[in-house]
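J.: Please find the sequence and the predicted model below.
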Amino acid sequence: MIINKSKYFPFVLNFKKIFQTSTHTLTERKGFIIWMIDEIGNVSYGECSPLPGLSKETIDETERNLIDVQKKLVGSAIQLELSTLTALLSELNMFPSLQFGIEQALLGLLIQRDENFIRNFFGEPKTVIEVNAIIGLGSTESVLSRIEEKFVNGYRTFKLKVGKDNFEEDFLLINKIREKFGDKIKLRLDANGKWNIDDALENLKRLEQFKIEYIEEPCGHLSCLLKLSAFSPIPLAADESLHTIDDALKIINESKIDFIVLKPIIIGGIISSFHLIKEAEKKNKKVVVSSAFESAVGRSALTFLASFTHHNFAHGLDTAEYIEKDLCTIAFEAKYGKINFNSKDYPPQFNLSLS
Ligand SMILES: [Mg+2]
C-alpha cells in the first residue's frame, strides 16, 4: 500500500460544562483530524488531540510534528502487516497524541485493504463492550438521582469522583448510594491523587465495607500508589500517574495494582496500547480503556481497542455527552451501558465535513 496524500484539519469541540484537570480548566477540546488516501483511493481518518494538563505535548508542538511526519509518510510503501508498520512508525519520533492519530489513519487503510487484517493481527474482537457512567461532584440528592436515571437507562457500573476536603462527606455519600442501590450496581471511585498515603490507607480501610470495584489514584504519584498497593484493602487503579507505556508495563510486571486506566491518546497510541492489553492479561491484570474526551473519530479507535480486552469490567468510553456538538455522527454509541461493536463496521464511514 502506498500513501498517496495526507492532509490535516484543525477542530475545536466545546464542552457542555467546564472540565477540570489537576492543572487546567478546559472549556473546549482542540485537535487535528488527519486524512489519508492510498493509491487505490481508499480514504481514512485519525484523530490527534493532545489534552492540556495530561499530554506532555502542546497543540503547537503537535502540529509541527504532524507536518513533518506527513511529509515523510506520503509516498511511503506500507506492507499489509503489523510488525513492519510498528518499525516504520518508531522511526518517526511522534508525540503520543500524534502516534495515536497516525496509527488510527494507517490501520484504517490497512483494514480496508485486507478483510482479515483485524483477526490476523489483533485477534477476535468482542461485540459488546460495557461502559461506566461517570458521576460528577454534586449534592447527595443530585448524585443519587443521576445514578437512578442512568440505572433506569441500563447502566450498572458507576464511577464516582471522591476526594472532597472533608472525607466524611465522601463516606456518607457512598453509604447513601449503597443503602439505596445495594449490590445492584458496581461502584468504582476516582480520587485523582487527592489524598496523601496515610490518609489514603485510612480512608480505604473505612471504604472497604462498600465493596468498591477499584479506586483510581487515591494518592498522587506512581511511587505512592506502588507503596499503597502492598496494603490497600481495595483494588487500585493507576490513571494519570502513568505517563508512558513503560510506566504501565512496570505496574503490570512489578506491582500489586490490578487495574490500568489507559488513555491511549495520552500515553502512546493504538498498537502499543493493544500490546499492553495483552501483556496485562498474562498477569491477570485489567486494562480499562478510557477516553480523554476525544471526538467521535478518536473514540471509535478506543472502542476498537476495548474490543480486544477479555474481561467484563466496564470501560471509560461514555464521554459523548460532555461534548456540545460532535464532529460527525457517532459510529459506536454507548447506549444502555454498552457499546455494540461489529468489526465489519470498522473503520466507520465518518460523515465529516472538513475544511
Ligand atoms: Mg481517573
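T.: Structure received.
J.: Contacts only, for the nearest residue to residue 16 once chain neighbours are set aside.
T.: Excluding its sequence neighbours, the residue lying closest to residue 16 (Cβ to Cβ, 6 or more residues apart in numbering) is residue 324, at 5.3 Å. In this view, the C-beta of every residue, glycine as well, is placed from N, C-alpha and C. Residues in contact with residue 324 (Cβ atoms under 8 Å, 6 or more residues apart in numbering) are 13, 14, 15, 16.
J.: check contacts around the residue positioned nearest the centre of the chain.
T.: In the chain, the centroid-proximal residue (Cα atoms, centre = their mean) is residue 290; its distance is 2.2 Å. The contact partners of residue 290, by Cβ under 8 Å, 6+ apart, come to 239, 261, 262, 263, 302, 315, 316, 317.
J.: can you do 10 Å?
T.: Going by Cβ atoms under 10 Å, 6 or more residues apart in numbering, residue 290 touches 132, 159, 216, 237, 239, 260-266, 302, 306, 315-317, 319.
J.: Could you do residue 39 as well?
T.: Going by Cβ under 10 Å, 6+ apart, residue 39 touches 1, 2, 3, 4, 5, 75, 77.
J.: what's the distance between it and residue 78?
T.: Going from residue 39 to residue 78 by Cβ to Cβ, to the nearest Å gives 11 Å.
J.: For these two, list the residues in contact with both.
T.: In contact with both residue 39 and residue 78: 1, 2, 3, using Cβ under 10 Å, 6+ apart.
J.: Just say helix, strand or coil for the last one.
T.: Right, residue 3. Here residue 3 is strand, with the state taken from DSSP: H, G, I helix; E, B strand; the rest coil.
J.: and it, bridged to which residues?
T.: Judged by DSSP bridges, the bridge partners of residue 3 are residue 38.
J.: Okay, buried residues for the top helix by length along the chain please.
T.: Assignment by DSSP state H gives helix 96-113 as the longest helix of the chain. Going by neighbour count (16 or more other Cβ atoms under 10 Å), the buried part of helix 96-113 is 96-112.
J.: and the next element down the chain from that helix?
T.: With elements assigned by DSSP states H and E, the helix or strand that comes after helix 96-113 is helix 117-121.
J.: What's the mean pLDDT across the longest helix of the chain?
T.: Across helix 96-113, pLDDT averages out at 98.
J.: likewise stretch 78-85?
T.: Stretch 78-85 shows a mean pLDDT of 93.
J.: List the contacts of it.
T.: With Cβ under 10 Å, 6+ apart as the test, stretch 78-85 has contacts from 1-3, 38, 77, 88-89, 103, 106-107, 109-111, 113-114, 116-117, 120-122, 271, 274-275.
J.: Now the stretch 51-200 of the chain against the ion: closest residue?
T.: residue 190 (4.3 Å; Cβ to the ion).
J.: For that residue, give me the pLDDT.
T.: What the model reports as pLDDT for residue 190 is 95.
J.: again, but for the one 5 residues further on
T.: Looking at residue 195, its pLDDT is 95.
J.: Tell me if I'm right that it and residue 207 touch.
T.: No: assessed by Cβ atoms under 10 Å, residue 195 is found out of contact with residue 207, at 11.4 Å.
J.: who touches both of the two?
T.: Both residue 195 and residue 207 are in contact with 162, 167, 215, 218, where contact means Cβ under 10 Å, 6+ apart.
J.: What is the burial count for the second one?
T.: For residue 167, the tally of surrounding residues (other Cβ atoms under 10 Å) stands at 18.
J.: what sits against it?
T.: Counting by Cβ under 10 Å, 6+ apart, residue 167 has contacts 191, 194, 195, 199, 202, 203, 206, 207.
J.: Roughly how far does the last one sit from the ion?
T.: Just to be clear, that refers to residue 207. 17 Å (Cβ to the ion, to the nearest Å).
J.: got the residue ranges for the strands in the stretch 151-300 of the chain?
T.: Ranges of strands in the stretch 151-300 of the chain, per DSSP state E, counting those that start in this stretch, are 157-161, 186-190, 212-216, 236-238, 259-262, 286-289.
J.: Out of the ones you listed, flag the one nearest residue 9.
T.: Nearest to residue 9, of all the strands of the stretch 151-300 of the chain, is strand 286-289, at 25.3 Å by Cβ to Cβ.
J.: name the helices or strands packed onto the closest one?
T.: Judged by 3 or more Cβ pairs under 10 Å, 6 or more residues apart in numbering; DSSP states H and E, strand 286-289 is in contact with strand 212-216, strand 259-262, helix 270-282, helix 296-306.
J.: and the ion, which of these is closest to it?
T.: The ion lies closest, by Cβ to the ion, to one member of the helices and strands packed on strand 286-289: strand 212-216, at 4.1 Å.
J.: Tell me, what's the model's pLDDT at the residue in the chain positioned nearest to the ion?
T.: Across the chain, the shortest distance to the ion (Cβ to the ion) belongs to residue 239, at 3.7 Å. What the model reports as pLDDT for residue 239 is 95.
J.: Adding distance to residue 68 and neighbour count, write the contacts of residue 39 out as JSON lines.
T.: Output for the contacts of residue 39, formatted as JSON lines (distance: Cβ to Cβ, whole Å; neighbours: other Cβ atoms under 10 Å):
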{"residue": "1", "distance to residue 68": "21", "neighbour count": "19"}
{"residue": "2", "distance to residue 68": "19", "neighbour count": "11"}
{"residue": "3", "distance to residue 68": "15", "neighbour count": "21"}
{"residue": "4", "distance to residue 68": "19", "neighbour count": "14"}
{"residue": "5", "distance to residue 68": "16", "neighbour count": "14"}
{"residue": "75", "distance to residue 68": "14", "neighbour count": "11"}
{"residue": "77", "distance to residue 68": "19", "neighbour count": "10"}
